[in-house]
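Engineer: sequence plus the predicted model coming up.
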Amino acid sequence: MIRLDAVRRRVRQAYDDHPYPGAGHVWAEWRLAPMAWMQALWRPGAEAAPPRRILVAGCGTGAEAFALRRACPNAHIVAFDFSERSIAEARRTRPGRRGAPVEFVVADLSDPRLDRTVGRDFDLITCHGVMTYVPEPRRALGSLARCLAPDGALYLGVNGSRHRSVRLRQALPLFGIDPRRFVESPATRDVLRLLDALLPAWERMVRPSAPYLASDVFGLLFHNWPLARWVDLARRAGLHFQGSDATHRQLRPLVLKGFSERLAPRSRAEVSLLIEAAQPAAFHRLLFTRQPPASPPWADPERLLAWRPVRTRLFASRLPARVAPGPRTVTFRSPALNALVSTDLPSWAVRLLPQADGARSIRAILRRTGGHPEPHELGSHLYLLHQLLILNLLPPRAA
């Protein structure tokens with residue numbers, strides 16, 4: 001069996017040989033996880049401030065860090081990687097003058113003293129496409145948790161059990177190619193083109209670069225795991241699962257077919273795990289926090305009335321100034337998720353939404369707007385809006 005320290009050296013060497021995402025990658029092309037989605041899960045208040053301190057874990061040649069600099073020009077951004085060559089290339093990159101320079105550091109994600117090297121109290125930590133290849137992910141998650149502010153959030157992008165590398169790595173040895181190490185050659189490319197032709201259209205690689213192949217297909221170590229395993233590892237590191245961006249795409253057809261009530265009273269995290277069990281993902285975009293999520297009392301309508309609703313900034317809709325009695329079809333659009341969802345809402349819910357600013361309770365808003373929903377109706381419609389991340393519910397104010 002290969003010792004863990006030897007595995008780390010070989011993984012580091014692979015990234016020194018093929019820095020990811022490659023020197024030719026344009027920094028502005030990096031697609032960040034939607035900040036509006038993260039804010040809706042992490043900071044449920046309507047006036048959530050952007051992160052002030054951001055840590056990019058496993059930054060490679062800096063593409064993600066530079067994209068974050070563009071999105072958050074006033075944030076202090078620290079980015080680290082264990083590949084000295086990757087950090088050297090990141091420091092040489094000059095993507096623009098907007099915002100303060102990104103601070104690049106050579107550091108190991110699994111180092112228990114990581115917080116001494118990169119700092120603590122980060123509002124947001126992003127770790128995209130990295131943890132899949134770390135020899136001890138639980139230890140690495142513990143290191144990141146120590147760097148996180150008490151009210152901060154960790155975004156984690158990791159491979160799922162249906163990742164394309166699972167089938168590719170099984171097929172490559174049948175052609176005499178070792179999937180543990182990428183070697184650029186005409187023979188390797190011919191085999192990859194052949195396998196690409198056999199894959200479904202959404203899984204084809206379409207002439208990938210050497211850094212991509214060396215990172216996402218070839219390598220000594222891969223953790224292509226289902227959501228439940230990633231959530232369990234994070235829980236052991238003291239992190240609470242808030243949700244997956246895949247959930248909100250997969251919820252929409254359930255809403256259209258009227259199945260949302262069958263999900264109640266499960267939390268957002270529980271719904272994500274349920275959907276993953278039925279339809280495993282190829283890649284997970286996950287959000288964790290050190291603080292547990294709020295748990296609205298869905299089964300107790302009287303207690304639920306004391307909670308404070310607040311619209312998120314993730315979805316927008318045009319709501320009428322005057323609402324006639326009876327159900328009304330409302331369409332919600334989310335540019336951040338490139339999503340659109342239409343649902344029928346009773347008149348009291350349509351009148352509640354513009355008043356949902358987090359300042360008043362559901363009871364106070366209904367008294368003001370004249371709504372008198374039945375207890376079951378109250379919970380079912382608020383639960384639907386909550387699951388879709390159209391609405392958050394805040395606990396009652398302390399007496």
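Structural biologist: Done, it's in.
Engineer: next one: the nearest residue to R164 once chain neighbours are set aside from W30, what distance?
Structural biologist: Using Cβ to Cβ, 6 or more residues apart in numbering and skipping the chain neighbours, the partner closest in space to R164 is E203 (4.5 Å). For the C-beta atoms, the positions are set from N, CA and C on the backbone; glycine is no exception. Separation of E203 from W30 (Cβ to Cβ, to the nearest Å): 21 Å.
Engineer: of these two, who's got more company?
Structural biologist: W30 (18 against 15; other Cβ atoms under 10 Å).
Engineer: quick check: E184 is in a helix.
Structural biologist: No - checked against DSSP: H, G, I helix; E, B strand; the rest coil, E184 lies outside a helix; its state is coil.
Engineer: for it, which residues are in contact?
Structural biologist: A210 (Cβ atoms under 8 Å, 6 or more residues apart in numbering).
Engineer: ok, it to P208 distance?
Structural biologist: Using Cβ to Cβ, one obtains 12 Å as the distance from E184 to P208.
Engineer: buried residues in stretch 139-159?
Structural biologist: Neighbour counts using 16 or more other Cβ atoms under 10 Å place 139-145, 147-149, 152-159 of stretch 139-159 among the buried residues.
Engineer: now, which of these lie within helices?
Structural biologist: With helices taken from DSSP state H, the overlap with these comprises R139, A140, L141, G142, S143, L144, A145, C147.
Engineer: tell me the one among the residues you listed nearest to S295.
Structural biologist: Using Cβ to Cβ, A145 is the member of those that lies nearest S295, at 21.6 Å.
Engineer: about what we covered before: so the residue nearest to R164 is in contact with S165, correct?
Structural biologist: No - using Cβ atoms under 8 Å as the test, E203 is too far from S165 to be in contact (10.0 Å).
Engineer: residue ranges with poor pLDDT in the stretch 251-399 of the chain?
Structural biologist: Low-confidence segments of the stretch 251-399 of the chain (pLDDT under 70): 399.
Engineer: buried ones in the host helix or strand of A171?
Structural biologist: A171 belongs to helix 164-171 when assigned by DSSP states H and E. Neighbour counts over helix 164-171 (16+ other Cβ under 10 Å) mark R164, S165, L168, R169, A171 as buried.
Engineer: residues in contact with the helix or strand where R116 lies: which ones?
Structural biologist: According to DSSP H and E, R116 maps onto helix 114-118. Contacting residues not belonging to helix 114-118 are listed as L55, V78, F80, V105, A107, D108, D111, S143, L144, R146, C147 [Cβ under 8 Å, 6+ apart].
Engineer: likewise for stretch 246-255?
Structural biologist: By Cβ under 8 Å, 6+ apart, the list of residues contacting stretch 246-255 from outside reads 37, 260, 263, 268, 271-272, 275-276, 279, 281, 284-285, 337, 339, 341, 343, 384, 387-389.
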